[in-house]
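Student: The sequence isn't on hand, but the structure is:
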């Protein structure tokens, strides 16, 4: 298990970006908790996350590379505009996906919707630099406790990822879900 700091990631950024593009699965920090991630356009990498999490059926959310990416690939209603403008933040915004090729089919299980984040966190820049959406799902086996520190990381997951970017304990909760698909916007705190 390769555990690195933000500083080590930054110094060796090109190597880690190359590894992500080649299908690496990794644990990353966010503004809330630790996430399990990969290139959301790489079906093989997404399948690996599904195996690690024991989660075959539920869609994954992504960290979008930019707000422009959201506008280019999703249906953004008038009511949803204010939520997009709140980004970055501790929200997962659920949109109807207008470009089905924006992510691998197994990222969102072939649904016409997609959960999208832009965390208020330096790691969001990784998606921006890559110009790719990155899967972001809690770093746990489905139904298990979410990871807030290396001490409560599920060791099975730790052995199956390519690297872990660790920056200390997180004190957040998973992001709030904001369903922007229906006319009536629904916010679910987790």
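Tutor: Sure, I can see it. This structure is a prediction, so every number in the text was calculated from the model and none was measured.
Student: neighbours of residue 155, just the number please.
Tutor: 8 (other Cβ atoms under 10 Å). Every residue, glycine included, has its C-beta placed from N, CA and C.
Student: how near is it to residue 96?
Tutor: Look at residue 155 and residue 96: by Cβ to Cβ, to the nearest Å, they are 38 Å apart.
Student: what's the answer for residue 67, then?
Tutor: 17 Å.
Student: Equivalent analysis for residue 41, please.
Tutor: To residue 96, residue 41 is 19 Å away according to Cβ to Cβ.
Student: More neighbours: which of these two?
Tutor: Shown here are residue 41 and residue 96; by other Cβ under 10 Å, residue 41 has more neighbours (19 against 16).
Student: wouldn't the more buried one be in contact with residue 134 here?
Tutor: No - counting by Cβ atoms under 8 Å, residue 41 sits too far from residue 134 to count as a contact (9.5 Å).
Student: Return the distance of residue 57 relative to residue 158.
Tutor: Relative to residue 158, and taking Cβ to Cβ, residue 57 is found at 24 Å.
Student: Of those two, which one has the most company?
Tutor: Neighbour comparison, residue 57 and residue 158: the larger count goes to residue 158, with 15 against 7 (by other Cβ under 10 Å).
Student: per-residue confidence at that one?
Tutor: If you check residue 158, the pLDDT there is 94.
Student: wait, is it part of a helix?
Tutor: Yes - going by DSSP: H, G, I helix; E, B strand; the rest coil, the assignment for residue 158 places it inside a helix.
Student: which residues does it contact?
Tutor: 1, 27, 164 (Cβ atoms under 8 Å, 6 or more residues apart in numbering).
Student: 7 Å instead, please
Tutor: 1, 164 (Cβ atoms under 7 Å, 6 or more residues apart in numbering).
Student: cool, and residue 79?
Tutor: Taking Cβ under 7 Å, 6+ apart, one finds residue 185 in contact with residue 79.
Student: what about it, distance to residue 94?
Tutor: Taken as Cβ to Cβ, the span from residue 79 to residue 94 is 13 Å.
Student: And the contacts of the least confident helix or strand in the chain by mean pLDDT?
Tutor: None of the helices or strands of the chain scores lower by mean pLDDT, DSSP states H and E than strand 186-188, at a mean of 80. Strand 186-188 has contacts (Cβ under 7 Å, 6+ apart) with 176, 177, 178, 179.
Student: Buried subset of the residues you listed, written for PyMOL?
Tutor: Of these, the buried ones go into a single PyMOL selection, burial set by 16 or more other Cβ atoms under 10 Å:
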select buried, resi 177+178+179
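Student: Inside strands: which ones of the contacts of strand 186-188?
Tutor: 176, 177, 178, 179 (DSSP state E).
Student: Which two of those residues have the greatest separation?
Tutor: 176 and 179 (10.5 Å; Cβ to Cβ).
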